[in-house]
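**Q** Generate a structure from the sequence data that follows.
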Amino acid sequence: MTLDEANQLIRGCANRMNELYKKTVFDEWAIVSLMQHKIKILSYLGPRKDDFQKNFSTDVQELRAELLSNQQEIGDFEFARHGVGTKVEAFLVVGDGLYLICNNTAQSMNSLTKDPLWLSAQVPFVELSDRFRSDPLVFPM
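**A** Prediction:
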């Protein structure tokens, strides 16, 4: 899958999740490369593009071990339950060394999941993970 195709799928997933949840689930979506523990932002959709890379190391702290473990397969994802504000709530492995970072800059994952509509909003996210599992993002490094 190309970066343009990935971005199109992500926008569709975000829209569908928001429809089902009746409000914004994640207001920040970024595809990042983490090769040799260096971050490179390949695409970003959200309210704080300039601050995202600058604060990435701090904001991803709760998921750092999982991100750097290399134990996930393409299509696997992790959620952080207590990230608040700009602290990252989730990531999805979209290709070799490539991750989709998902965040709600106003609420924690714990707060989001208390709404019963969260159950249906998960479906497009899982479908997105299946799409990347079957057709990973390939990006020249």
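**Q** Residue most distant from the centroid, this protein?
**A** residue 116 (21.2 Å; CA atoms, centre = their mean).
**Q** Against which helices or strands is the helix or strand encompassing residue 52 packed?
**A** Residue 52 belongs to helix 49-59 when assigned by DSSP states H and E. Contacts defined by 3 or more CB pairs under 8 Å, 6 or more residues apart in numbering; DSSP states H and E place helix 49-59 against strand 28-35, strand 38-45. From N, CA and C alone the C-beta is placed, and that goes for glycine too.
**Q** Can you tell me the strand partners of the last one and which way each runs?
**A** Strand 38-45 has the following sheet partners, assigned by DSSP bridges: strand 28-35 (antiparallel).
**Q** C-alpha coordinates for the lowest-mean-pLDDT helix or strand in the chain, CSV please?
**A** Across the helices and strands of the chain, mean pLDDT, DSSP states H and E gives its lowest value to helix 64-68, namely a mean of 77. Extracted C-alpha coordinates of helix 64-68, given in CSV (Å, rounded to 0.1, in the frame of the first residue of the first chain):
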residue,chain,number,x,y,z
ARG,A,64,7.3,3.4,24.4
ALA,A,65,8.2,-0.1,25.5
GLU,A,66,5.6,-1.7,23.2
LEU,A,67,6.7,0.6,20.3
LEU,A,68,10.3,-0.3,20.6
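**Q** Fine, thanks again, bye for now.
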